[in-house]
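**Q** 3D, please:
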Amino acid sequence: MGATIDDEVAGRPDSFIWQPFSHAAAAVACERTDLVAVSDVFAEKAEAIRKRYGAERAYTDYQEMIVKEKPDIICIATRPGPHVDITVFAAENGVKGIYCEKPLCCSMEEADIMVDIVQKHGVKFNYGTQRRYMPIYRKIRELVDAGEIGDVQCSIAQYGASSALWGLTHAADMLLFLAGDPEVDFVQGAIICKDSDWDGNRLNVDPGIASGYIRYSNGVHGYNTAGTGPEYEVCGTGGKIRVQNNSREIQFRKKDGTFFEEVPFPETSRATGTVMGITDIAEALDEDRETKGPVHLARRSQETLMGMIESHRLGGKHISLPMENRSLYVTRDNW
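**A** Residues are numbered from 1 along each chain as shown. Modelled structure (predicted):
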């Protein structure tokens, strides 16, 4: 995600939706930013990325890079284990904006530290859930907020029974976004793992979630299903909007008496979520406003997933949020 994922999606029929995809490519494409430096623990990778994207310098120590370069914005594209340490160091050493890749971190204790340090230093923060920044999803939220589908009843994600933190971060954020970004009353979930994957309060796999339910404080129900996609739907008393085939098509239906009849979705521009997320940070710095994917919402969506894991651990109980077990730690060997 830091620099080479563009090569992976280049031949896909939906590449026009996502590219520029990587953080480095998006920073170069963004009209409001310059890519000054890159860092990777492997020197040869750092230098290759520097050359590919025209950065001025390459480092093998992110702390040295931050201290020497004094960047306005940094992108964190590591695995989740180091996210909290990088965020704390950046915030305490003058970085004004952070674009952090998902998963946010490995426990709610770590998430709390990230929220506290970002808010203490007034850092503008966006999370790597790209759909939140894309014009199509912003238009859906605009229609929902304007009452075009009536009172919202539920948001639905068909993202499959995939890894909770690595994959379903996107589903959790979009469920929250389509519900209006409310607080969460409780969650309930069933995950896919073995008893041997647990080591006390530590889960040593990133489990699939076979079913996940979220009860939002505004009365909206959120559902993650095992159906593959990614596809998302928001349902109201007067209409439904469904994103199909990983953002390629939008179906908009409004209630006409007994049935829901299809109506045209408004013409909307296309722009990649990574570019828009970085652009939003730059604009938020210039305008001194909150970003569209702030750290407290990143924590909220991650907590719904951690709550589902905790629900399974406790035999399917409702887990009220904020969850009590904030030291529950989810990891994998390479995190």
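**Q** Every contact and neighbour count from this point should use C-alpha atoms.
**A** Noted.
**Q** could you pull out the helices for the stretch 101-250 of the chain?
**A** 108-120, 135-145, 169-178 (DSSP state H, counting those that start in this stretch).
**Q** Any idea which of those helices gets closest to residue 277?
**A** helix 135-145 (11.1 Å; Cα to Cα).
**Q** Please name every helix or strand in contact with the closest one.
**A** Counting contacts by 3 or more Cα pairs under 8 Å, 6 or more residues apart in numbering; DSSP states H and E, helix 135-145 packs against helix 169-178.
**Q** Run through who's touching the helix it packs on.
**A** Identification of contacts with helix 169-178 by Cα atoms under 8 Å, 6 or more residues apart in numbering yields 102-103, 129, 131-132, 140-141, 144, 155-159, 182, 222-224, 232, 234, 298, 301-302, 304-305.
**Q** How about stretch 82-93?
**A** Residues contacting stretch 82-93 (Cα under 8 Å, 6+ apart): 62-63, 66-67, 76, 98, 100, 104-105, 110-111, 113-114, 117-118, 121, 123.
**Q** pull the CA atoms of that stretch into CSV?
**A** Taking C-alpha atoms only, stretch 82-93 is exported to CSV below (Å, rounded to 0.1, in the frame of the first residue of the first chain):
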residue,chain,number,x,y,z
PRO,A,82,4.1,-0.1,14.8
HIS,A,83,1.2,2.3,14.1
VAL,A,84,0.8,3.5,17.6
ASP,A,85,4.6,4.2,18.1
ILE,A,86,4.9,6.0,14.7
THR,A,87,1.8,8.1,15.4
VAL,A,88,3.0,9.1,18.9
PHE,A,89,6.5,10.0,17.6
ALA,A,90,5.1,12.0,14.6
ALA,A,91,2.7,14.0,16.7
GLU,A,92,5.3,14.8,19.3
ASN,A,93,7.8,15.9,16.7
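**Q** Enumerate the positions of that stretch that are buried.
**A** Buried residues in stretch 82-93, counted by 16 or more other Cα atoms under 10 Å: 83-84, 86-91.
**Q** out of everything not next to it in sequence, what's closest to residue 10?
**A** Spatially, and ignoring its direct neighbours in sequence, residue 10 is nearest to residue 19 (7.9 Å; Cα to Cα, 6 or more residues apart in numbering).
**Q** residues contacting the one you found?
**A** 6, 9-10, 272.
**Q** Among those residues, which one lies nearest to residue 287?
**A** Of all the contacts of residue 19, residue 287 sits closest to residue 272, with 21.9 Å by Cα to Cα.
**Q** what's the offset of the lowest-mean-pLDDT helix or strand in the chain from the middle of its chain?
**A** Taking mean pLDDT, DSSP states H and E as the measure, helix 15-18 is the helix or strand of the chain with the lowest mean score, a mean of 90. The chain centroid and the centroid of helix 15-18 are separated by 18 Å under Cα atoms, centre = their mean, to the nearest Å.
**Q** which residues touch that helix?
**A** The contact list for helix 15-18, computed with Cα under 8 Å, 6+ apart, reads 9, 247-248, 270-274.
**Q** same question, stretch 67-74
**A** 36-37, 93-99.
**Q** Compute the first-to-last residue distance for it.
**A** 12 Å (Cα to Cα, to the nearest Å).
**Q** about what we covered before: as CSV, could you dump the C-alpha coordinates of the least confident helix or strand of the chain?
**A** The C-alpha coordinates for helix 15-18 follow below in CSV (Å, rounded to 0.1, in the frame of the first residue of the first chain):
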residue,chain,number,x,y,z
SER,A,15,-8.4,0.0,-12.0
PHE,A,16,-9.7,3.4,-13.2
ILE,A,17,-11.6,3.6,-9.9
TRP,A,18,-8.6,3.0,-7.6
